[in-house]
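> Sequence and predicted model, in that order:
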Amino acid sequence: MKKPKAPYASSTLKCLYSKLNLELEPLGLDVDMLDDFVQACANFYQIIEADEVWKMKDQALPKISAIKKVTRDLFDSFLSIAARDAEKGYRILLDKDLFDDGGDGRYIVYELLLIAPNPDYPDYRDFSAHPIFGEEQKRYEECRAENEENEENEENEENNEKAYTDASPEIVTYKDFYTLQEQREGKPLYVPKDILKYLDEDYYERTPQVAAAESFLRKVGVPNADVHSTMIAILADICDIKIPTQDLPETVMADIEEHGGKVKGIQQYQRYLDLMMDLSNNTRLPSNRGFTPNELRAKMGGGLPKKFSFGPGIQKSMNDGALDAEKTRSIIMTANLPDELKASMLSELDKVKKF
């Protein structure tokens, strides 16, 4: 692998961007507009090929007619400069640096901090000495070491966790890149009608499923002022490739409780499960290249997960009597779910009862 090129100095970046602006301004565009477009793509897709970003520009930016005038050479010139701009909220990585059989293409990746790489992974690349990622990895390792050293001291742990978060606001490990890349493989690309809405990282579509979930959050006690932030956390969990589908109910429940809500009783819990399944099936996922699970199933076929597990919080609620196991069994039996998923849920329920 060729040695990665060092980031440009700020003075060099200013000069290069100014020169590129001289070519863009006669078209009615500027560097900031291209940067916003690429950042919005990175936020929405997390990983996307630069070729596809180029091809979608007219469809994804309907309000910016001037984008049609941008040549591929100008777009590539911008990417070449941005790839060596360490202050970007995205990374531009070469295909041949990531894969043994990689070509000359490029990937635009959201906040890819190539840290804590996994040497056991078949396509391992060591970016620890990367001129841009290296310092990020060093800060990550230092903060993690301090956390471990002071794990019994809550105050120090909180301070170190803050430092860790400040150093790496969105940690996507090297293995996560390949996991997400594998999940995207062979799937069609969804193109939003206006990609720039996703320049706001907290933006989400106001779907009927979201509206129903927000109404439920208010009913279970989440303060109105916190509903938006709770939804952001829930949708982030749904999109997180590190959280298995069967663990989502427990993870989302923790989000609700963290924001002051409390699901009480079997009927409310059943409503919660229905809403979360509906929300999950209608959320746009990076692993589906922007499609919702329902859209992708309609387009390509596929089904629901075949396994399910109750997390410790649900187990505790049943053991304490807050949730009735037999009523839960009845709901599972009558639910409109595949037999294999029902069997998995009933098996997990029996395990909870024996606990």
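Thanks, I have it. Numbering: from 1, shown residues only.
> and residue 91, that one's in a strand?
Yes - under DSSP: H, G, I helix; E, B strand; the rest coil, residue 91 falls within a strand.
> number of nearby residues for residue 211?
Using other C-beta atoms under 10 Å, the number of residues around residue 211 comes to 10. Backbone N, C-alpha and C define where each C-beta goes, glycine included.
> Report the secondary structure element holding it.
Using DSSP states H and E, residue 211 sits within helix 208-219.
> what does that helix rub up against?
Residues from elsewhere that reach helix 208-219 (C-beta atoms under 8 Å, 6 or more residues apart in numbering): 204, 224, 227, 230-231, 234, 256, 259, 261, 271-272, 275-276, 278-279, 282-283.
> of those residues, buried ones?
Buried by 16 or more other C-beta atoms under 10 Å: 204, 227, 230-231, 234, 256, 259, 261, 271-272, 275-276, 278-279, 282-283, out of the contacts of helix 208-219.
> So which of the residues you listed are in helices?
The helices in this structure, assigned by DSSP state H, contain 227, 230, 231, 234, 256, 271, 272, 275, 276, 278, 279 from the buried ones among the contacts of helix 208-219.
> ok, now which ones touch the third one?
Pointing back at residue 231 there. Counting by C-beta under 8 Å, 6+ apart, residue 231 touches 204, 210, 213, 214, 217.
> cool, residue 87 as well?
For residue 87, the contact set (C-beta under 8 Å, 6+ apart) is empty.
> Pop the domain breakdown of this structure in here.
Following the assignment in automatic domain parsing, the chain carries domains at 1-112+172-203, 115-170, 205-354.
> mean confidence for the shortest one?
Here the mean pLDDT over domain 115-170 is 49, rounded to a whole number.
> With the last one instead?
Predicted confidence along domain 205-354 averages 81 (mean pLDDT).
> Export the contacts of residue 231 to TSV and append columns for distance to residue 65.
Listed next are the contacts of residue 231 as TSV, based on distance: C-beta to C-beta, whole Å:
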residue	distance to residue 65
204	27
210	31
213	36
214	35
217	40
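> From the buried ones among the contacts of helix 208-219, pick the one nearest residue 186.
residue 283 (20.3 Å; C-beta to C-beta).
> Can you tell me how far the closest one is from residue 188?
17 Å (C-beta to C-beta, to the nearest Å).
> Rebuild the ones in helices among the buried ones among the contacts of helix 208-219 as JSON lines, extending it with distance to residue 40.
JSON lines is the format used below for these (distance: C-beta to C-beta, whole Å):
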{"residue": "227", "distance to residue 40": "25"}
{"residue": "230", "distance to residue 40": "24"}
{"residue": "231", "distance to residue 40": "20"}
{"residue": "234", "distance to residue 40": "22"}
{"residue": "256", "distance to residue 40": "29"}
{"residue": "271", "distance to residue 40": "35"}
{"residue": "272", "distance to residue 40": "32"}
{"residue": "275", "distance to residue 40": "28"}
{"residue": "276", "distance to residue 40": "27"}
{"residue": "278", "distance to residue 40": "27"}
{"residue": "279", "distance to residue 40": "23"}
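> can you pull out the strands in this protein?
Remark: strands assigned in the chain by DSSP state E are 47-49, 90-94, 106-110.
> Which one, of the ones you listed, ends up nearest to residue 6?
Comparing these by C-beta to C-beta, strand 90-94 comes nearest, at 14.5 Å.
> now the angle between strand 106-110 and the closest one, please.
Following axes from the mean of the first three to the mean of the last three C-alpha atoms, to 10 degrees, one obtains 150 degrees for the angle between strand 90-94 and strand 106-110.
> packing partners for strand 90-94?
On a contact count with 3 or more C-beta pairs under 8 Å, 6 or more residues apart in numbering; DSSP states H and E, strand 90-94 meets helix 31-45, helix 72-82, strand 106-110.
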